[in-house]
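3D model of this:
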Amino acid sequence: MKRLRIKLLIINNAQWLDHCALQRLMLLRRHCKNRLGIVLVTRLQTNARLDEPLEAEFQRVPAAKEICRRVEVRQLTKDSFQAEVLDHLMQELNYDLAPELEPFEKQVDDLLWRLTGSDWSLIHEKLAGPLNRELGPCNDKVRLLTRAVLMQVLGKPLPF
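Numbering: from 1, shown residues only. Model prediction:
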């Protein structure tokens, strides 16, 4: 791992790890002089505590419990997408709605939400990247999101 210059190991569905696997991961981390980041991703059941999916394994492997920081990432909702993600995109990409689309602002937001849904990875892949490309060069002035640009990003005609 050290020769390969791997800095981070992400394990999805980590709730299936047993204490032996967790011990091996800690051993691997020690061999990398504690410079290997390990992210254990689990899906929490409703009303579960952050420790619950791996609680027994953390008790058997104290070294893992000591270095682990628990973080809950909540699923993206339509309201937070519109309030946070789209506002942030508008600032980062320096664009605004063209006057022709201003009356349809809510419909535009809905179309962009349907494009990505609650999938964080699609926000860059299907929205931010294509939007930045289609808006053209920035040149320190506000770019306009027009009907033509929006159709290119969505890959289909607009319903309004």
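
quick one: contacts of the strand or helix carrying residue 65?
For residue 65, the element it lies in under DSSP states H and E is helix 62-67. With contact meaning Cβ atoms under 8 Å, 6 or more residues apart in numbering, helix 62-67 is reached by 22-23, 25-26, 29, 57-59. The way it works is simple: take the backbone N, C-alpha and C, and place the C-beta from them, glycine included.

before we move on, what about stretch 36-50?
For stretch 36-50, contacts defined as Cβ under 8 Å, 6+ apart pick out 1, 6-15, 17, 25, 28-29, 52-55, 68, 70-72.

Those in helices, which ones?
Among those, the ones falling in helices (DSSP state H) are 25, 28-29, 55.

What confidence value was assigned to the residue nearest to residue 75 when sequence neighbours are not counted?
Nearest residue to residue 75, sequence neighbours excluded (Cβ to Cβ, 6 or more residues apart in numbering): residue 118, at 5.3 Å. For residue 118, the pLDDT comes out at 87.

tell me the contacts of residue 118?
Going by Cβ under 8 Å, 6+ apart, residue 118 touches 75-77, 81.

Is it possible to get JSON lines of those that adds distance to residue 34 and secondary structure?
Below are these laid out as JSON lines (distance: Cβ to Cβ, whole Å; DSSP: H, G, I helix; E, B strand; the rest coil):
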{"residue": "75", "distance to residue 34": "32", "secondary structure": "coil"}
{"residue": "76", "distance to residue 34": "33", "secondary structure": "coil"}
{"residue": "77", "distance to residue 34": "37", "secondary structure": "coil"}
{"residue": "81", "distance to residue 34": "37", "secondary structure": "helix"}
